[in-house]
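A.B. asks: Output the structure for:
(chains A and B)
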Amino acid sequence: DTAVSQTPKYLVTQMGNDKSIKCEQNLGHDTMYWYKQDSKKFLKIMFSYNNKELIINETVPNRFSPKSPDKAHLNLHINSLELGDSAVYFCASSQDGRIGWETQYFGPGTRLLVL
Amino acid sequence: GENVEQHPSTLSVQEGDSAVIKCTYSDSASNYFPWYKQELGKRPQLIIDIRSNVGEKKDQRIAVTLNKTAKHFSLHITETQPEDSAVYFCAAKAGYSTLTFGKGTMLLVSP
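C.D. replies: This next block holds a predicted model:
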């Protein structure tokens, strides 16, 4: 009964490959997010979707393409992986991200290592 | 856009001492200020939050204060325990905007 889940937990791949990370939430939330946490632990928003519609895209390279097939899922596809993409990627969800105050619930993270 | 500064970057205390982490924000429209705790290898989890219409909020050993005039807010942990050791993030949000996080404070509580 995990609230926000991600797969895979670990991802080790070569430069230039294409990979996907999946996220699912069973909280009935309308808004989902992708964050990147670098080696210095800095958490930075990448994308936000509200009810399958993209509402935030924070100057992320177009090699990153989010897809939301329904409001419970938000997947992240990354093309032509680079060394600098190595990080922990967290999915999160909230009831309605357009509202000012509400809790964001994070998934367990996907640790991506690009060799 | 919003800019959140967080200090200190690391904080070491003895068990039983108090710990204070401070954050400042730049956007005067910000009205929601959550604090997240991230244990090693785990996900960030909300521990307490405060809205702009409140100056202080307390939950057992943790409390948050907000000074809207000065645009700063602080996390206070009393009677620290080893299990409080983690990275703590402050964040700020204004309405429809994104949640902007501070760079985190690594708190180490020594027995």
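A.B. asks: Show residues contacting stretch B:72-85.
C.D. replies: With CB atoms under 8 Å, 6 or more residues apart in numbering or on different chains as the test, stretch B:72-85 has contacts from B:13-25, B:33, B:35, B:39, B:48, B:50, B:61-67, B:88, B:90, B:92, B:107-111. Heads up, the C-betas are built off the backbone N, CA and C, glycines and all.
A.B. asks: ugh, wrong one, I meant stretch A:103-110
C.D. replies: With CB under 8 Å, 6+ apart as the criterion, stretch A:103-110 contacts A:3-11, A:21, A:23, A:25, A:27, A:29, A:33, A:35, A:37, A:88-94, B:34, B:42-46, B:49, B:99.
A.B. asks: Tell me the buried residues in the helix or strand hosting A:Arg111?
C.D. replies: Assigned by DSSP states H and E, A:Arg111 falls within strand A:110-114. Using 16 or more other CB atoms under 10 Å in any protein chain shown as the test for burial, strand A:110-114 gives A:110-112, A:114.
A.B. asks: ditto for stretch B:35-52
C.D. replies: Neighbour-count burial for stretch B:35-52, with 16+ other CB under 10 Å as criterion, is recorded at B:35-38, B:43-44, B:47-50, B:52.
A.B. asks: Might you quantify the distance of that stretch from its chain's geometric centre?
C.D. replies: Centroid separation for stretch B:35-52 versus its chain: 8 Å, with CA atoms, centre = their mean, to the nearest Å.
A.B. asks: what pairs with the helix or strand encompassing B:Ala92, and is each one parallel or antiparallel?
C.D. replies: For B:Ala92, the element it lies in under DSSP H and E is strand B:86-92. Strand pairing for strand B:86-92, using DSSP bridges, gives strand B:32-38 (antiparallel), strand B:100-101 (antiparallel), strand B:105-110 (antiparallel).
A.B. asks: ok now it, how far from the chain's centre?
C.D. replies: 5 Å.
A.B. asks: Now tabulate the strands paired with strand B:86-92 in a markdown table and tack on distance to B:Pro82 and mean pLDDT.
C.D. replies: Shown next, in a markdown table, are the strands paired with strand B:86-92 (distance: least, CB to CB, whole Å; pLDDT from 0 to 100):
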| stretch | distance to B:Pro82 | mean pLDDT |
| --- | --- | --- |
| strand B:32-38 | 14 | 96 |
| strand B:100-101 | 25 | 94 |
| strand B:105-110 | 5 | 97 |
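A.B. asks: Export those to JSON lines and append columns for distance to A:Pro69.
C.D. replies: Shown next, in JSON lines, are those (distance: least, CB to CB, whole Å):
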{"stretch": "strand B:32-38", "distance to A:Pro69": "28"}
{"stretch": "strand B:100-101", "distance to A:Pro69": "28"}
{"stretch": "strand B:105-110", "distance to A:Pro69": "38"}
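A.B. asks: can you list the buried residues of strand A:110-114 in TSV and add pLDDT?
C.D. replies: Listed next are the buried residues of strand A:110-114 as TSV, based on pLDDT from 0 to 100:
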residue	pLDDT
A:Thr110	98
A:Arg111	97
A:Leu112	97
A:Val114	97
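A.B. asks: and for the strand holding B:Ala92, what are the contacting residues?
C.D. replies: Contacts to strand B:86-92, defined as CB under 8 Å, 6+ apart, come from residues A:41, A:43, B:2, B:4, B:6, B:21, B:23, B:25, B:27, B:30, B:32-40, B:44, B:47, B:73, B:75, B:99-102, B:104-107.
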